[in-house]
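Student: Here is a sequence with its predicted model. Questions after.
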Amino acid sequence: MGGPDPAVIAGLEATRAERFERFAAVRAARQPVFDLIASQSARRSAEVAAWSVDRGWPMNRVREAWAVWRYGPMHVAEHSWAAAGRLEPDDGERLRRAGARYERQAAACPSGYPALALGALEQIARTAAARDARPLTLHYGIRALDQLSRRMRASATTDDPRRRERQAKRARKRVEQRAVVTPEMEAIGALWLASRWPLWVALDDAGEPLIVDGELVLDTSTGSAPERSDPDYLDALRDAYLLAGLWPRAERDGRSTMARDDERAPVDDNQSVRRRARPGPYGLPIDWREKSEPEDVELARLHPWMSLGDVQRLTVDERDRRLEEHRALARDAAAERDAAWQRIREGLTRLPTAPDDEEGQRDD
């Protein structure tokens, strides 16, 4: 039999070309409508970016604006703003809280970010679009803004004396709660358990903890004391610092931990500095690779728990080192499997062979 009928192929090609021509004609006829919708969407999204927390934020307007910022006005004109994705019931309230927090701490916003919260949301969307990265939907964009505003607050208020006063007030409340005598203590006569401080903390004449060289003085006369890395010891040390008018250690202070690696910028002639939020949330470190390389894919396949994204966060030298290790492990595992199969094959060859059918019949 010969090949396909040339006349049939020519008919199919003509039909396809005719369909494409009709589609192009319809597309060209609707192009002015698309252009008008795109221009209106771009204008409406610019209005949303200029909103402050002093007015309401209709979520459908925010969804439309997100789709314009993330995918472009022509995408919205052609496909609507459904690409903004669905929202959770609490997303509106979360956005308002994050927006209010962002605008209160606007002085600590990353370089290039505006002072308005929805303008920052626009910056997040446009940065993600330029990098072809996440977030894709408004739901996750709101969470990115929420995280950014929390880092800004930590950067701006870490050294605020008013925050230390609030911390000291909470510490005093915790200490006083330990001294409450419960009915169970009275019933068993163990009133000594109602101590403001743990029994292993040495106290001065005023009943306050003794701090020497930044550490608590331990009293082991009533029993063993925890290690200095124990969470109970660190909590007691934190409260002792606060009630003594000192700042607690950064590892027991969430905002200090969050802002510890933030950038600092001089603000006056005396070279004093104020904390600034880390640039981002999409400013990837230099060592991170935006696009995966063949070695990244290979290591992600060989490693038992690292994903491709985890591998891309490694430096090239560290990735190559781990890749060589796992290549060696893979070779050893393959050699062990080959040896096991070889032992199985050798064992099968040593098994006695069954007699053929003719010998079996003669025996009968």
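Tutor: Ah, there it is.

Student: and the closest residue to residue 44 other than its chain neighbours, what is it in contact with?
Tutor: Distances taken as C-beta to C-beta, 6 or more residues apart in numbering put residue 64 closest to residue 44, at 6.4 Å, once the chain neighbours are dropped. C-beta here means a position set from N, CA and C on the backbone, and glycine is covered the same way. The contact partners of residue 64, taken as C-beta atoms under 8 Å, 6 or more residues apart in numbering, are 41, 44, 45, 48, 76, 81, 84.

Student: what's the host helix or strand of the first one packed up against?
Tutor: Using DSSP states H and E, residue 41 sits within helix 6-49. Under the contact definition 3 or more C-beta pairs under 8 Å, 6 or more residues apart in numbering; DSSP states H and E, helix 6-49 sits against helix 59-71, helix 73-79, helix 117-131.

Student: and the residue nearest to residue 44, how far is that from residue 71?
Tutor: Distance, residue 64 to residue 71, by C-beta to C-beta, to the nearest Å: 11 Å.

Student: what do you get for residue 79?
Tutor: 8 Å.

Student: One more: residue 234?
Tutor: Residue 234 is 47 Å from residue 71, by C-beta to C-beta.

Student: for residue 210, same thing?
Tutor: Counting by C-beta to C-beta - residue 210 and residue 71 are separated by 62 Å.

Student: the more surrounded of the two?
Tutor: Under the criterion of other C-beta atoms under 10 Å, the comparison of residue 210 against residue 71 puts residue 71 first, with 18 against 14.

Student: for the nearest residue to the more buried one once chain neighbours are set aside, what are its contacts?
Tutor: Once flanking residues are discounted, residue 71 sits nearest to residue 83: 5.3 Å by C-beta to C-beta, 6+ apart. Contact partners of residue 83, counting by C-beta under 8 Å, 6+ apart, are 67, 70, 71, 75, 136, 137.

Student: And the fifth one, how far from residue 116?
Tutor: Spatial separation of residue 136 from residue 116 under the definition C-beta to C-beta is 23 Å.

Student: Where does pLDDT dip in the stretch 251-364 of the chain?
Tutor: 260-290, 353-364 (pLDDT under 70).

Student: ok, which stretches of it are helices?
Tutor: All helices of the stretch 251-364 of the chain, identified by DSSP state H, counting those that start in this stretch, fall at 254-259, 294-302, 308-312, 316-349, 357-363.

Student: Pick the most buried one from those helices.
Tutor: Sort these by mean neighbour count, taking mean count of other C-beta atoms under 10 Å, and helix 254-259 sits at the top with a mean of 18.

Student: Which positions in the helix or strand that contains residue 234 come out as buried?
Tutor: Assigned by DSSP H and E, residue 234 belongs to helix 231-243. Of all the residues in helix 231-243, those buried under the rule 16 or more other C-beta atoms under 10 Å are 233, 234, 236, 237, 238, 239, 240, 241, 242, 243.

Student: My guess is the last one contacts residue 167. True?
Tutor: Which is residue 243. No: Residue 243 is beyond contact range of residue 167, at 10.0 Å (criterion: C-beta atoms under 8 Å).

Student: Next, work out how far apart residue 163 and residue 171 are.
Tutor: Relative to residue 171, residue 163 is positioned 13 Å away (C-beta to C-beta).

Student: hang on, the earlier thing: which one of the helices and strands packed on helix 6-49 lies nearest to residue 206?
Tutor: Among the helices and strands packed on helix 6-49, the nearest to residue 206 by C-beta to C-beta is helix 117-131 (47.5 Å).

Student: before we move on, back to that, next one: the helix holding residue 41 to chain centre, how far?
Tutor: Relative to the centre of its chain, helix 6-49 is centred 39 Å away, using C-alpha atoms, centre = their mean, to the nearest Å.
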